[in-house]
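Undergrad: below are the sequence and a predicted model; questions follow.
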Amino acid sequence: MKIDDKLALNLFHIDKKPHIEINQEICRKCPHKACTYVCPVENYTLNEGEVVFAWEGCLECGTCRIVCDQGSLTWDYPTGGFGIVYRLG
Amino acid sequence: MANENIFDAIIVGAGPAGTTAAFVLAKAGMNVALLERGPSAGSKNVFGGVLYATVLNRLIPNFWEQAPLERHIKGIKIFLISPDNAVSIGVESQAHNNPPFNNSFTVSRAHFDHWYASKAEEAGAMFLTNTLVDDLLKYRDKVIGVKVRGEEGELYADVVIVADGVNSILAEKAGLRKPYARRQVSLGMKEIIELPRSVIEDRFGLSGHEGVELKYIAGDATKGIWGGGNIYTNLESLSLVTWVAVDPMLKAKVKATDLFEQFKEHPFVRNYIKGGETVEYQAHLAPDGGYDATPQYFTDGLMIAGDAARFLNASVHYEGTNFAMASGEAAAKTFLEARRNNDYTAKSLSHYQKLLNESFVMKDLNRYRKMNHFAEKNPEFFGPYFDVITQAAIDFFTVKEMPKRTQEWQMIKDFYKNLRRVSKSRFPLLSFIWKAIKGGISFI
């Protein structure tokens, strides 16, 4: 099952402002690009060696925040009421 | 109420830890605010799948008569799997079909946490949803309140109880712990898979509200990476979980989402979920190795509880909800004690540490503190060793036209040969036995 199909099942209240931002300059020099392995919704993908980041499907798990040791991420929670809204789990 | 933004205690996070603290304090007549960043309690929460309810049953006796539960867990089946072979052991009891149902239930967190927060509200707590705490307010290094994003602004209290989950930015801001290292966390992924109630009951041998847990320990469930998989039975759905330790996953250079799909499609898994329809996908970090990672759980005017304090039993039991509730209750009791002395300094709140030390929370964290260390030092244990063990079991039961004694000797010889192949030690058998004992002690 593709990740996009899974995320289409979830309810999100998407904020206009992203709660995670990355610094492309730093990502370009990153030796491991660990975020592209760990993100459970594949928000970090590689395109011709560059990290491409999307934040809309974020489940706020926090894994990227831990594995990024390059200082590229500005990680915050979405404003109250926004982001993932689990209905079942 | 003199001032509507001043409370006796503010609790950040309406999960099992925070809501328990709010419930106990509100019951004791305190003026408490329970803050939740989601639109309702449970809307952000992810857990393995079982609510462990010893503390809850003490706070709300016979809660199962009113709480929204799925099934009680009457049994558990543990699997060791390799690509082709599986060995499993099951434990189940008819006694668990009667109250208190072994204090373990599958629940939907969106429903259960919502109900539990409403109990705290009924008891008198002020429950604010859609409320994100951005920072702590301090006066001369003592925490005196929280800064909320948006119009509520600043809220003040004698004590802030931080129960905002594993990522707790507030625990970091309070100076109680550093940001995690990779080796201190696991990533869990979960799908809720709908199936008709009758199919679940036939497939798993259940009736009424009976439920089971299937637990796959590392091995081929996670391609030899320290972690595991689980299937939990809900009333009309299954929860399928894969969790992996983040550091070894990165070292193996595999993608988390690939591991999850491989587990779902594994020959020893896929038949249980066959025909089901995925209706929600979740993921979250879980804290591992809590005992050594958090030096202190309190400071002037603040205590941390639940996952924020890394209270999770990383072992074969893997309990978190009861640790959360026990720590929330201990924090509430500590507050009431501090209030009697009108002293909310770290020295006074150190009573919290004492209560935790006396409870199963710290005793179990201490007992299983070596688990992740063992997993890190002995990666071969969860991959190649599993293959050798399961192969020996299969060889024992393979039907052949030869005397059993000959077959058993062959099995033992093959076991040793396979062990030599995968072991790095000069004494593979001794090393295997030693590691099995060591791993067993740290895990079981």
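TA: Here it is on my side, so go on. Numbering: from 1, shown residues only, chains lettered A, B, ... in the order given.

Undergrad: so residue A:84 bridges to which residues?
TA: Residues in a beta bridge with residue A:84, per DSSP bridges, are residue A:12.

Undergrad: how close does it sit to residue B:240?
TA: 18 Å (Cβ to Cβ, to the nearest Å). Where you see a C-beta, it was placed from the backbone N, CA and C, and this is true even at glycine.

Undergrad: again, but for residue B:14
TA: 26 Å.

Undergrad: before we move on, what about residue B:427?
TA: 40 Å.

Undergrad: ok, residues contacting the lowest-mean-pLDDT helix or strand in chain B?
TA: Ranked by mean pLDDT, DSSP states H and E, the weakest helix or strand in chain B is helix B:290-293, scoring a mean of 72. Here helix B:290-293 makes contact (Cβ atoms under 8 Å, 6 or more residues apart in numbering or on different chains) with B:177, B:180, B:184, B:287, B:309-312, B:314, B:362, B:365-366, B:368-369.

Undergrad: repeat for stretch B:52-72
TA: By Cβ under 8 Å, 6+ apart, stretch B:52-72 touches B:20, B:23-24, B:51, B:96-97, B:99-108, B:111-112, B:114-116, B:119, B:206, B:209-211, B:233-235, B:319-322, B:325-326, B:329.

Undergrad: where in chain B is pLDDT low?
TA: For chain B, applying pLDDT under 70 flags the ranges B:1-2, B:289-290.

Undergrad: chain neighbours aside, what residue packs nearest to the one residue sitting closest to the centre of chain B?
TA: The centre of chain B sits closest to residue B:320, judged by Cα atoms, centre = their mean, with a distance of 3.9 Å. With sequence-adjacent residues excluded and distances taken as Cβ to Cβ, 6 or more residues apart in numbering or on different chains, residue B:320 is closest to residue B:312, at 4.4 Å.

Undergrad: give me the phi and psi for the one you found.
TA: phi -140, psi 130 (degrees, to the nearest 10).

Undergrad: okay, buried residues for the helix or strand harbouring residue B:440 please.
TA: Here residue B:440 sits within helix B:428-443, counting by DSSP states H and E. Neighbour-count burial for helix B:428-443, counted by 16 or more other Cβ atoms under 10 Å in any protein chain shown, picks out B:428, B:431-432, B:435, B:439, B:442-443.

Undergrad: stretch B:140-155 now?
TA: B:143-146, B:148-149, B:152, B:155.

Undergrad: quick one: that stretch to chain centroid distance?
TA: Distance, stretch centre to chain centre, for stretch B:140-155: 30 Å (Cα atoms, centre = their mean, to the nearest Å).

Undergrad: is that stretch in proximity to chain A?
TA: Yes - against chain A, stretch B:140-155 shows contacts by Cβ under 8 Å from any Cβ of the partner chain at B:148-150.

Undergrad: end to end, how far does that stretch reach?
TA: 17 Å (Cα to Cα, to the nearest Å).

Undergrad: what do you get for stretch B:308-316?
TA: First-to-last distance for stretch B:308-316 - Cα to Cα - comes to 21 Å.

Undergrad: that older thread, was I right to think the residue nearest to the centre of chain B contacts residue B:49?
TA: No - counting by Cβ atoms under 8 Å, residue B:320 sits too far from residue B:49 to count as a contact (10.8 Å).

Undergrad: ok, residue B:302 - how many residues close by?
TA: 30 (other Cβ atoms under 10 Å in any protein chain shown).

Undergrad: show me what contacts it?
TA: B:136, B:143, B:159-162, B:174, B:176, B:349.

Undergrad: in what helix or strand does the nearest residue to it once chain neighbours are set aside lie?
TA: Distances taken as Cβ to Cβ, 6+ apart put residue B:143 closest to residue B:302, at 4.2 Å, once the chain neighbours are dropped. Assigned by DSSP H and E, residue B:143 falls within strand B:142-148.
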